[in-house]
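1. predicted coordinates and the sequence they were generated for:
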Amino acid sequence: MSRRSTRVLALANQKGGVGKTTTAINLGTALAAVGERVLIIDLDPQGNASTGLGIEHRERSTFDVLAGQASIAEARVATHVPRLSIVPATIDLMSFEREAASANGRHYRLRDCLAELIAAESRDDATTYILIDCPPSLNLLTINALAAADAVLVPLQCEFFALEGLAQLLSTVEEIRVRLNPKLQIHGVVLTMYDQRTSLSDQVVEDVRAVLGDKVYTTVIPRNVRVAESPSHGKPVLLYDYKCTGSQAYIQLASEVIERERRIRAA
């Protein structure tokens, strides 16, 4: 029996503060909790996904991987969550665009590194999901992520200008699909930081669903103090407070992601 294919999802939004890293950490944790083998690639020089998973000392990083100084297998680090590992980021990533600006194949550095990892894994220890936490900009790092990904998962904050930023991102995704990665799809849009006390949040949810239809996940991630607190403890919210509304929402999101994956494979 052949090994199950690895799916690569890029979490991208050029706007900061939309819950992208929080979603990468907690979706990865929720997927691992149901038996998936998950690898997070921290592609943000701020390294918040690494810190949020309690990874402080980083001998090797995504910069080393992209620079050809280490393989992903060498750079990945186990987390406190069983079946969840991460390739951590350091501030060195900020120099990647400058150093790789004129290099051949610069858009495909990450894709080629992931292909090497996937080819080397056996059926028994194969990574089933790779989540790439992109920086909050449409730079060479994000282009590498989109060129390597099977699909894009877009966290979108429930705020007034949500759709404006989304239009730019969708345009970029389409350009990458045409020029660099024909298989690239939009996996889904997850609405984050939903505040049930405001009519604005409800209006944003309604507007985004009207524009994107079933591309928007049913699950909405609420504003939740426990979600905001958990990174300072170096833990996903599912470990910090499993019963809080934020944890339960990410569990529901993981179920939706898995269900969409089943439909994609069946198509």
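-> Nice, thanks for sending it over.

2. OK, contacts around L11?
-> 20-21, 23-24, 27, 131-134, 152-155 (CB atoms under 8 Å, 6 or more residues apart in numbering). All C-beta spots, glycine's among them, are computed from the backbone N, C-alpha and C.

3. tell me which of those residues is nearest to T90?
-> The shortest approach to T90 among the contacts of L11 belongs to D133, at 13.8 Å (CB to CB).

4. beta partners for that closest one?
-> L11, D42 (DSSP bridges).

5. and the pLDDT for it?
-> We have a pLDDT of 97 for D133.

6. for S2, same thing?
-> So, for S2, pLDDT stands at 44.

7. can you flag which of the contacts of L11 belong to helices?
-> K20, T21, T23, A24, L27 (DSSP state H).

8. could you list the low-pLDDT ranges of this protein?
-> 1-4 (pLDDT under 70).

9. the helices in it, which residues?
-> Using DSSP H, helices in the chain cover 20-33, 48-52, 62-66, 72-75, 96-100, 109-120, 140-148, 162-179, 199-212, 225-229, 237-240, 245-266.

10. ok, so of the contacts of L11, who is nearest A67?
-> Once CB to CB is applied, the member of the contacts of L11 that ends up nearest A67 is I132, at 17.1 Å.

11. surely the closest one meets A147?
-> No - between I132 and A147 there is no contact under CB atoms under 8 Å: 10.6 Å.

12. so the two - more neighbours on which side?
-> Ranked by neighbour count (other CB atoms under 10 Å), I132 and A147 place I132 first, with 30 against 21.

13. out of the helices of the chain, which gets nearest to Q14?
-> helix 162-179 (5.9 Å).

14. so what's the closest residue to G47 other than its chain neighbours up against?
-> Excluding the flanking residues, the one nearest G47 by CB to CB, 6 or more residues apart in numbering is A89, at 4.1 Å. The contact partners of A89, by CB under 8 Å, 6+ apart, come to D42, L43, D44, P45, Q46, G47, A49, S50, R58, S61, T62, F63.

15. okay, those residues in CSV with neighbour count and distance to R263 next?
-> Shown next, in CSV, are the contacts of A89 (neighbours: other CB atoms under 10 Å; distance: CB to CB, whole Å):
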residue, neighbour count, distance to R263
D42, 31, 29
L43, 29, 27
D44, 24, 30
P45, 19, 35
Q46, 18, 34
G47, 23, 34
A49, 29, 28
S50, 27, 32
R58, 21, 37
S61, 24, 35
T62, 32, 31
F63, 24, 36
